[in-house]
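Chemist: No sequence on hand, only this structure:
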């Protein structure tokens, strides 16, 4: 199920033109704004996506910590 937001491009263009934008500029800005708002819920991260990312980052952090401890221990032995 995709959730979309309706956007009145004609009203937006008229408002821009009334504030001094040229018609071409107003239409280009309207198109760009409409495209940026076309993100659907399916494009956003879900809780399970974030949980998976958290697990991967935690694992990486653990590996980096273990590697750091190993490097420090090796340097202590050398010195």
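Modeler: Right, received. Where do you want to start? Since the model is a prediction, treat every value here as computed from it, not as a measurement.
Chemist: Show me the shaky parts of the protein.
Modeler: 1-5, 39-42 (pLDDT under 70).
Chemist: can you do 80?
Modeler: 1-7, 36-44 (pLDDT under 80).
Chemist: Point to the residue nearest the middle of it.
Modeler: residue 44 (8.4 Å; C-alpha atoms, centre = their mean).
Chemist: Distance of that one relative to residue 70?
Modeler: When C-beta to C-beta, to the nearest Å is the yardstick, residue 44 and residue 70 sit 39 Å from each other. C-beta: built from backbone N, CA, C; applies to glycine.
Chemist: now residue 12: how far from residue 36?
Modeler: 13 Å.
Chemist: which one of those two has more residues nearby?
Modeler: Higher neighbour count among residue 12 and residue 36: residue 12, with 17 against 9, using other C-beta atoms under 10 Å.
Chemist: Buried residues, the strand or helix carrying residue 14. List them.
Modeler: Element membership for residue 14, per DSSP states H and E: helix 9-18. Going by neighbour count (16 or more other C-beta atoms under 10 Å), the buried part of helix 9-18 is 12-13, 16.
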